[in-house]
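Engineer: Just a sequence and a predicted model for now, questions to come.
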Amino acid sequence: MSNEKSQLPLSKATNVAEKTSKECNVTFEVSKNEVSDDQCNQNETRGNVAEASSMTKKKPASKKKGGPSITMLNIIKAQQNARLQAEIEAAAKAAEDLRTIEKAKQEKDESERLKEEDREKKKEKEKQRIERKKQEGTYQTKGQREKYRRAQIQLGQSGIHVPSRHQSATSTRSDSTQKRMLYEDHRKKDTIASDTLLTSAMIPIVSENDDMIEKGYSSTDSWADDCEEDNTKIEVKSGLTAEHENQKEEDEDENDLGLTSLERVRRRLERYHDICESHRTIENLRAPVICVLGHVDAGKTTILDNLRRTHVQDDEAGGITQQIGATNVPLETILERIKMCRKIITRQGDLLVPGLSIIDTPGHAIFDNLRARGSSLCDLAILVVDIMKGIQPQTIESIRLLTEKQTPFIIALNKIDLLYDWKGDRKQNVEYVLEKQNQNTQYQFEKRCNYIIGQFAEQCLNVALYNKNPDSNEYYSMVPTSARSGDGMGSLIAMIIEKCQTTLAKHIAYSEEVQATVLEVKTIRGFGTTLDVVLIDGCLCRGDKIIIAGQEGPITTQIRVLLVPELNQDIRMTTQYKDQEKVTGACSIKIVAKDLEKSLAGLPLFVIRKQDEIDYYTVEIQRMITDMLNLIQLEESGVYVQTSTFGSLEAFLKLLKTHHIPCAGVNIGPVHRKDIMRASTQLEKDKQWACLLVFDVKIEPTAQEYAKTLGLRILQSDGVYNLCDMFLAYQEEKFKEKQEKHRHLVVYPCKLRILWNHVYNTSNPIICGVRVEDGFVKIGTPICVPSKDNIDLGRIVGIKKNDTSVEIAEKGSEVSIKIEAINREELKMYGRHFDHNDLLISKISRESIDILKAYFRQDMKSDYWKLVIELKKLFHIV
């Protein structure tokens with residue numbers, strides 16, 4: 001039937017083409033005959049020219065008979081022929097396009113049919129395999145196979161050898177006697193107890209009660225207890241069905257023999273990924289991850305405060321964001337904020353998204369690492385632009401990050417309440433609020449909006465107001481907002497929901513495969529070092545074995561506590577968390593586990609489902625660590641830095657690098673006595689770097705007293721820029737102290753020519769006029785005469801110019817100088833030991849050159865250094 005349907009429009013198109021071709025031929029023949037008749041009549045017409053001319057003269061008032069000229073007829077006929085030819089070509093092209101579409105459709109249908117047949121064959125094969133094993137009495141579930149494996153291990157340890165059922169097939173496997181990892185969920189028998197653990201309770205973050213942490217973690221490895229489990233129940237933590245699990249085991253047995261262990265793991269993870277992808281559906285959406293980007297002080301955190309009804313921005317040091325934050329926004333908050341602009345969302349009824357997971361990033365230039373980290377995680381971004389200032393440097397950087405990762409974004413045109421005579425109304429859609437403004441306010445808004453549209457055009461981006469967007473696929477939408485008054489916040493959230501439920505629906509469909517990233521590494525009192533994690537897909541459970549990146553290599557540990565911040569609370573500021581047994585993405589969580597002190601932020605977190613996956617993930621993470629640690633370059637001599645998070649540590653090290661400040665050691669968390677001991681090693685190496693820079697962490701009193709005893713300087717601040725400025729001021733203070741200490745030893749290079757008619761005193765003190773031919777002369781400079789065996793004349797104790805005392809005389813100046821002898825026993829006299837034909841040179845030495853380089857380099861110009869090189873050769877200084 002499909003072939004007959006496809007041939008019908010083709011036959012119609014062919015008939016049309018043939019009919020049109022016949023009409024064209026008939027018309028062409030008629031035109032040809034008419035033209036030949038006209039040519040035959042031309043001779044008769046030429047013969048009667050004279051007679052026609054005379055008749056015209058006799059009858060000037062008579063009217064000329066006949067149609068258009070031959071040339072005009074030819075033009076008309078040519079146009080008709082061209083039009084007919086174009087119609088024929090168009091009909092042929094349409095027929096060809098239709099034929100191509102039908103062919104592609106047939107190929108697609110055939111491909112889908114073959115895939116469906118393949119799936120049916122696999123299912124039938126799997127059913128036959130299971131049925132055959134059941135008849136043979138050899139079929140076992142995964143739990144049964146695991147218990148049989150444990151029994152073999154225990155019997156082997158007792159000296160009893162029991163051959164495996166598949167010993168011949170599995171003898172080549174290196175892990176045939178390796179004990180598989182047990183999950184805590186497999187060992188629980190009391191479902192009532194597990195249900196009680198699911199009940200979340202609010203616990204303060206400052207609590208030091210270890211009973212909560214240790215509760216529920218004791219487990220037993222008794223094989224006898226495990227044998228009491230239900231043998232017919234297949235417990236697969238990832239949520240896969242028994243059919244998929246058995247298919248996976250069969251594929252491993254048949255296809256993975258002969259491969260290395262890492263290749264087998266890689267193939268198994270690829271199959272697992274394919275199965276999880278096949279289960280995704282747009283009817284089951286996770287919470288989208290939203291990242292807020294923009295320039296500093298554009299209002300990013302204030303927008304989130306308005307949405308959450310919090311005051312995070314007021315509690316930040318200096319009113320600026322210096323750490324990456326995350327917030328879980330529930331569906332109830334979304335419904336409340338979009339009730340005045342629900343018409344923007346095309347879907348009627350309940351929303352598909354369960355909530356929002358929002359990431360707040362800093363706007364300062366040095367925090368580009370955190371902006372890149374946030375933008376790489378998000379499904380959709382909010383680019384905040386100050387309507388009064390337009391696009392700024394960090395806005396351009398954010399645009400670059402988003403376009404490189406092809407991340408869709410919505411522009412929040414913030415601070416519209418600063419427009420002259422703005423009258424806000426947060427209970428109305430911002431579109432109607434704009435219409436109610438007076439004419440001057442509307443004109444100012446349109447002027448600034450058009451200016452920003454032009455700025456985006458310079459960045460090769462098309463933008464338009466959300467209510468005037470001609471095509472959402474071609475133009476980015478701009479939503480006017482005011483984080484202070486609340487205008488436009490509902491429209492902004494509604495645009496986010498609409499984008500997520502339409503364009504991004506397939507992208508944010510929930511997957512069972514765990515995808516998580518470590519945002520920050522923090523030290524919390526009562527819990528120690530913790531991880532701030534964004535769980536995008538999948539689920540994490542207490543007791544899961546995870547592997548993360550560390551400063552010294554991958555870290556394998558087990559989740560002890562899963563903490564979820566209170567709804568609408570930033571994970572950076574809140575002190576209240578809910579202890580959960582299981583968390584499903586997308587969600588921002590805090591993980592408590594062992595051995596997290598040297599964890600690295602910004603890299604993925606992996607869940608280990610089988611023991612052999614540890615080696616595979618170790619190799620993968622090691623590659624990531626190599627790239628990450630290249631950002632942290634420690635020197636032998638330098639300052640010691642201690643911050644609250646790894647992200648702020650990265651940013652602060654970048655800031656120090658821009659000021660050419662080396663770093664010798666880093667750490668995360670409060671300052672203890674051991675940190676003072678590490679930093680104090682610089683007192684022996686280089687005292688100018690003997691300083692501990694502390695950002696956003698507390699200093700223990702014992703550590704403070706110990707630092708004073710050792711003479712170690714500690715600088716502490718809640719702002720990275722303030723802390724850097726404090727160290728620069730401290731460094732400048734120390735530098736000036738060293739300058740004053742070595743000022744009497746420094747010698748500046750100079751060449752002086754004696755003015756013979758301005759010699760006022762020939763002996764000690766020698767007073768004469770000189771011209772500075774090169775370099776510059778200052779008070780205290782020692783003078784010698786190289787042409788007279790480098791005889792020393794003494795030091796310059798005074799310089800005058802136009803009867804005015806000066807401290808320095810530059811090149812080309814004519815001044816009078818006063819030279820006093822250092823050794824009065826060896827006095828030199830002008831006219832006896834030297835005269836005006838001899839040059840006076842400043843006597844430099846190796847020591848004076850080193851001091852000049854170390855402490856007085858800012859006084860020297862490039863030409864002066866050339867003179868120093870010349871004098872070094874003159875005085876034979878190495």
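Structural biologist: The structure has been received and is ready for your questions. Residues are numbered from 1 along each chain as shown.

Engineer: So, low pLDDT: which residues of the stretch 301-450 of the chain?
Structural biologist: Counting by pLDDT under 70, the stretch 301-450 of the chain contains low-confidence ranges at 310-324, 348-349, 361-376.

Engineer: do that again at 50, thanks
Structural biologist: By pLDDT under 50, the low-scoring segments of the stretch 301-450 of the chain are 313-314, 316-321, 363-371, 374-375.

Engineer: now the helices: where do they sit in the stretch 651-800 of the chain?
Structural biologist: 673-679, 682-685, 701-710, 720-742 (DSSP state H, counting those that start in this stretch).

Engineer: Which parts of the third one count as buried, going by neighbours?
Structural biologist: I take that to be helix 701-710. Applying a neighbour-count criterion of 16 or more other Cβ atoms under 10 Å, one finds A703, Y706, A707 buried in helix 701-710. From N, CA and C alone the C-beta is placed, and that goes for glycine too.

Engineer: how far away is the last one from L377?
Structural biologist: To L377, A707 is 39 Å away according to Cβ to Cβ, to the nearest Å.

Engineer: quick check, nearest of the buried residues of helix 701-710 to D118?
Structural biologist: A703 (67.1 Å; Cβ to Cβ).

Engineer: Quick check, the closest one in contact with I676.
Structural biologist: Yes - counting by Cβ atoms under 8 Å, I676 is a contact partner of A703 at 5.1 Å.

Engineer: what pLDDT does K300 get?
Structural biologist: We have a pLDDT of 79 for K300.

Engineer: Give the burial count for it, as a bare number.
Structural biologist: The number of residues packed near K300 is 26, by other Cβ atoms under 10 Å.

Engineer: so how far is R426 from it?
Structural biologist: On the measure of Cβ to Cβ, K300 and R426 end up 19 Å apart.

Engineer: Then Q459?
Structural biologist: According to Cβ to Cβ, Q459 and R426 sit 31 Å apart.

Engineer: neighbour-wise, which of these two wins?
Structural biologist: Per other Cβ under 10 Å, whichever of Q459 and R426 has more neighbours is R426, with 16 against 13.

Engineer: Assign a three-state SS to that one, would you?
Structural biologist: Following DSSP: H, G, I helix; E, B strand; the rest coil, the label given to R426 is coil.

Engineer: Also L852?
Structural biologist: Per three-state DSSP, L852 ends up helix.

Engineer: Double-check it against Y748; I have them as touching.
Structural biologist: Yes - applying Cβ under 8 Å, one finds L852 in contact with Y748, separated by 7.4 Å.

Engineer: So which residues of the stretch 501-650 of the chain form strands?
Structural biologist: For the stretch 501-650 of the chain, the strands defined by DSSP state E, counting those that start in this stretch occupy 515-524, 528-537, 539-541, 545-548, 555-565, 576-580, 582-584, 587-593, 604-607, 639-643.

Engineer: Return the distance of the fifth one from the chain's centre.
Structural biologist: If you compare the mean C-alpha spot of strand 555-565 with that of the full chain, they lie 25 Å apart, counting by Cα atoms, centre = their mean, to the nearest Å.

Engineer: Over to the first one?
Structural biologist: Its chain's C-alpha centre lies 16 Å from the corresponding centre of strand 515-524 when counted by Cα atoms, centre = their mean.

Engineer: Residues contacting it, please?
Structural biologist: Residues outside strand 515-524 that contact it (Cβ atoms under 8 Å, 6 or more residues apart in numbering) are 205, 323-324, 326, 359, 373, 376-377, 529-538, 540, 548-549, 585, 588, 590, 596, 599-605, 644-647, 668-670, 697.

Engineer: List buried residues within those.
Structural biologist: So, by 16+ other Cβ under 10 Å, the buried ones in these are 205, 323-324, 326, 359, 373, 377, 529-538, 540, 548-549, 585, 588, 590, 596, 599-605, 644-647, 668-670, 697.

Engineer: From the opening residue of stretch 411-424 to its closing one, how far?
Structural biologist: Using Cα to Cα, to the nearest Å, the end-to-end distance of stretch 411-424 comes out at 20 Å.

Engineer: Distance from the chain centre to that stretch, please.
Structural biologist: That offset, for stretch 411-424, works out to 29 Å (Cα atoms, centre = their mean).

Engineer: Any buried residues in that stretch, and which?
Structural biologist: In stretch 411-424, counting by 16+ other Cβ under 10 Å, buried: I411, A412, L413, N414, K415, I416, D417, L419, W422, G424.

Engineer: Then stretch 774-792?
Structural biologist: Residues D774, G775, F776, V777, K778, I779, T781, P782, I783, C784, V785, D792 are the ones in stretch 774-792 that count as buried (16+ other Cβ under 10 Å).

Engineer: Next: stretch 635-652.
Structural biologist: For stretch 635-652, a neighbour-count test (16+ other Cβ under 10 Å) marks 638-652 as buried.

Engineer: Let's see the distance spanning that stretch from one end to the other.
Structural biologist: 16 Å.

Engineer: how close does the residue lying closest to Y760 once chain neighbours are set aside sit to D835?
Structural biologist: The shortest distance from Y760 to any non-neighbouring residue, by Cβ to Cβ, 6 or more residues apart in numbering, is to I767 (4.3 Å). Counting by Cβ to Cβ, the gap from I767 to D835 is 15 Å.

Engineer: More neighbours: which of the two?
Structural biologist: Applying other Cβ under 10 Å to I767 and D835 shows that I767 carries more neighbours, namely 17 against 14.

Engineer: Distance-wise, check that one relative to G137.
Structural biologist: The gap separating I767 from G137 is 121 Å, by Cβ to Cβ.

Engineer: Grab the longest helix from this structure for me.
Structural biologist: The longest helix of the chain (DSSP state H) is helix 70-136.

Engineer: Low-confidence regions, this structure specifically.
Structural biologist: Using pLDDT under 50, the chain drops low at 1-65, 164-246, 248, 250, 253-254, 313-314, 316-321, 363-371, 374-375.

Engineer: returning to what we had before: need the winner for burial among the helices of the stretch 651-800 of the chain.
Structural biologist: Mean neighbour count, computed with mean count of other Cβ atoms under 10 Å, is highest for helix 673-679 among these, reaching a mean of 18.

Engineer: got the CA positions of that one in PDB?
Structural biologist: Provided in PDB are the C-alpha atoms of helix 673-679 (Å, rounded to 0.1, in the frame of the first residue of the first chain):
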ATOM      1  CA  ARG A 673      48.900  24.600  65.000                       C
ATOM      2  CA  LYS A 674      50.200  22.200  62.300                       C
ATOM      3  CA  ASP A 675      49.400  24.800  59.600                       C
ATOM      4  CA  ILE A 676      51.500  27.400  61.500                       C
ATOM      5  CA  MET A 677      54.400  24.900  61.600                       C
ATOM      6  CA  ARG A 678      54.200  24.400  57.800                       C
ATOM      7  CA  ALA A 679      54.000  28.100  57.100                       C
END
